[in-house]
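Novice: turn this into a structure:
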Amino acid sequence: GRTSVHDDQRSGRPSILTDDIVEKIENALRDDRRLTVDELSAMFPQISRSLLHETITETLGYRKLSARWVPKQLTDQHKLNRVEAGQEFLRRYKLHGDEFLRSIVTGDETWVEKSFQPTRR
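Specialist: Numbering: from 1, shown residues only. Got it, this is the predicted structure:
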């Protein structure tokens, strides 16, 4: 059997995806959640687009939903913020009706940490 608890030397090419690079990718996404894979690829040219996408979705736990990267699991504070925002939207809708709905603008692609599971109807 084995007598050492240390890793043996590995054969093959070392991974270019270090913890430091993963942290830099995550920081870039936190700084600007609208970054696209193309933009991130330009920022990290040493990483292939497929590995970059895998890192974003698998390692960092982000996912794309309706042209946005949204959280899969919300913190209690995030949940409270959403409830408060929903209540404010309802209050404004009751005051202004459909005119309020026409004033809502949705935007382009953003990156959001994976942390909630939407319900389907």
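Novice: C-terminal to the helix or strand of the chain with the lowest mean pLDDT, what's the next element?
Specialist: Least confident helix or strand of the chain, by mean pLDDT, DSSP states H and E, is strand 68-69 with a mean of 55. Once strand 68-69 ends, the next helix or strand along the chain (criterion: DSSP states H and E) is helix 76-96.
Novice: what's the mean pLDDT across that next one?
Specialist: Averaged across helix 76-96, the pLDDT comes to 90.
Novice: and the next helix or strand after it, what other elements does it pack with?
Specialist: The helix or strand immediately downstream of helix 76-96 is helix 98-102, counting by DSSP H and E. Here helix 98-102 touches helix 76-96, going by 3 or more CB pairs under 8 Å, 6 or more residues apart in numbering; DSSP states H and E. (Glycine included, C-beta is placed from N, CA and C.)
Novice: which strands and helices lie in contact with the helix it packs on?
Specialist: helix 98-102.
Novice: other residues contacting the helix it packs on?
Specialist: Here helix 98-102 makes contact (CB atoms under 8 Å, 6 or more residues apart in numbering) with 89, 92, 93.
Novice: rerun at 6 Å
Specialist: 92, 93 (CB atoms under 6 Å, 6 or more residues apart in numbering).
Novice: kindly export it (C-alpha atoms) in PDB.
Specialist: In PDB, the C-alpha atoms belonging to helix 98-102 read as follows (Å, rounded to 0.1, in the frame of the first residue of the first chain):
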ATOM      1  CA  ASP A  98     -50.400  49.800 -16.900                       C
ATOM      2  CA  GLU A  99     -48.600  53.100 -17.300                       C
ATOM      3  CA  PHE A 100     -46.100  52.000 -14.600                       C
ATOM      4  CA  LEU A 101     -45.600  48.600 -16.400                       C
ATOM      5  CA  ARG A 102     -44.700  50.500 -19.600                       C
END
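Novice: so for it, what gets flagged as buried?
Specialist: Neighbour counts over helix 98-102 (16 or more other CB atoms under 10 Å) mark no residue as buried.
Novice: how about stretch 48-61?
Specialist: Going by neighbour count (16+ other CB under 10 Å), the buried part of stretch 48-61 is 51, 52, 53, 55, 56, 60.
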